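Chemist: next come a sequence and a model predicted from it.
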Amino acid sequence: MSTEPTGTHIVSRSHELRVALKGLRKSGRTIGLVPTMRALHEGHLSLVRAARAECDIVVVSIYVNPTQFGRGEDFDRYPRDLEADTGYLSDLGVNWVFAPTDAEMYPAGFDTWVQPGRIAERWEGEFRPGHFRGVATVVLKLFSMVGPDRAYFGEKDYQQLLVIRRMTEDFNVPVTICACPTVREPDGLAMSSRNAYLSPEHRRQARVLSQSLCSAAESVASGERSAKNLVTAMRSIIATAADAVIDYVAVVDPNTLEPVSSVTGPVQALLAVRIGGVRLIDNLRLTPPEVSAPAPSPE
Ligand code: AMP
């Protein structure tokens, strides 16, 4: 019989973690995994709380995965404070923090990659070539190392969520992918580790991202059905921020991420905007009232 684990254990070796989890799994405990890249904020912690509520054992991985960053991206300056992060996780009752080294994840001779297909081609895939290959590879490795029953991901990274769902299904990984809603600052800005790079002025300008998404949701609620009109209106709201440079603004099918021309059911608005050189992404489900409203009761 395995004993109830106490405290938060920090491990860097997957072998150590595997040994620790083996007995617990055998005794029927469910294992939840929350993959993160450090610099934890309330968005990450909401995933951890969901895992804590739904699983017996919670493992949080903390690993800044070099293979998902392109040349010239912010890998080198990505915030790292393992001590602060493990403090938050211990307060939330996390059982294991898995913080592997690069040598553990990518030992000499590593040479196999997960190449996501169509779902990864557009949007982030276009602006960050190779990004989803790095994400899918590291997430599959984490699944193999931890063997979770459930794994938690944020809707904040909507395309990533779909890429991981697809990969999990395509490779028959026996894990349930759980999506958690985007956590926002009081003014609407989606929480992100990258928000810390914004100057006070750019932080103020960054509000246009969520403002444009909310405005699109309101337009759809009041009858707008043209995706082109929605995109134009979102772009003009974003353009009110002096230093905003748009990578993309799109209204897409929420399952395929293909652009739609008219809103005939729930759609997803996606955007990526650079403000003062800091690249931010956000998204929102837009649901026409005839879909979201309960059907009128018969007379
Ligand atoms: P990251 O450390 O940025 O790789 O994020 C780790 C996980 O946290 C991913 O599943 C993200 O989608 C999720 N996440 C990041 N920001 C938020 C947020 N504001 N709300 C909800 N989930 C988030």
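Modeler: Received, thanks. Residues are numbered from 1 along each chain as shown.

Chemist: how about the stretch 1-150 of the chain: which residue is closest to the ligand?
Modeler: Gly43 (2.4 Å; C-beta to the nearest ligand atom). C-beta: built from backbone N, CA, C; applies to glycine.

Chemist: so Val208 sits against Met234, correct?
Modeler: No - contact between Val208 and Met234 fails when scored by C-beta atoms under 8 Å: they sit 9.2 Å apart.

Chemist: where does Ile246 fall, phi/psi-wise?
Modeler: Ile246 has phi and psi values of phi -80, psi 130 when expressed as degrees, to the nearest 10.

Chemist: quick check, pLDDT for the nearest residue to it once chain neighbours are set aside.
Modeler: Spatially, and ignoring its direct neighbours in sequence, Ile246 is nearest to Val273 (5.4 Å; C-beta to C-beta, 6 or more residues apart in numbering). We have a pLDDT of 98 for Val273.

Chemist: and the one 4 residues further on, by the same measure?
Modeler: On the pLDDT scale, Gly277 is placed at 94.

Chemist: could I get the buried residue list for stretch 259-272?
Modeler: 259-260, 263, 267-272 (16 or more other C-beta atoms under 10 Å).

Chemist: around the ligand, pick out the residues from the stretch 101-250 of the chain.
Modeler: With the criterion set to C-beta under 6 Å from any ligand atom, the stretch 101-250 of the chain comes near the ligand through 153-154, 156-157, 180, 182-183, 190-193.

Chemist: so what's Ile62 up against?
Modeler: Contacts for Ile62 (C-beta atoms under 8 Å, 6 or more residues apart in numbering) come out as 36-38, 40, 82, 85-86, 97-99.

Chemist: from the residues you listed, which land in helices?
Modeler: Counting by DSSP state H, the part of the contacts of Ile62 found in helices is 82, 85-86.

Chemist: buried ones among those residues?
Modeler: Buried, going by 16+ other C-beta under 10 Å: 85-86, out of those.

Chemist: could you dump the contacts of Ile62 to JSON lines with pLDDT and distance to the ligand?
Modeler: JSON lines is the format used below for these (pLDDT from 0 to 100; distance: C-beta to the nearest ligand atom, whole Å):
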{"residue": "Thr36", "pLDDT": "97", "distance to the ligand": "4"}
{"residue": "Met37", "pLDDT": "94", "distance to the ligand": "4"}
{"residue": "Arg38", "pLDDT": "84", "distance to the ligand": "7"}
{"residue": "Leu40", "pLDDT": "94", "distance to the ligand": "7"}
{"residue": "Leu82", "pLDDT": "85", "distance to the ligand": "13"}
{"residue": "Asp85", "pLDDT": "93", "distance to the ligand": "10"}
{"residue": "Thr86", "pLDDT": "94", "distance to the ligand": "15"}
{"residue": "Val97", "pLDDT": "97", "distance to the ligand": "13"}
{"residue": "Phe98", "pLDDT": "97", "distance to the ligand": "14"}
{"residue": "Ala99", "pLDDT": "96", "distance to the ligand": "13"}
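
Chemist: need those in CSV with distance to Gly130, can you?
Modeler: Formatted as CSV, the contacts of Ile62 follow (distance: C-beta to C-beta, whole Å):
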residue, distance to Gly130
Thr36, 21
Met37, 16
Arg38, 21
Leu40, 25
Leu82, 26
Asp85, 26
Thr86, 30
Val97, 28
Phe98, 24
Ala99, 24
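
Chemist: this completes my enquiry, with thanks.
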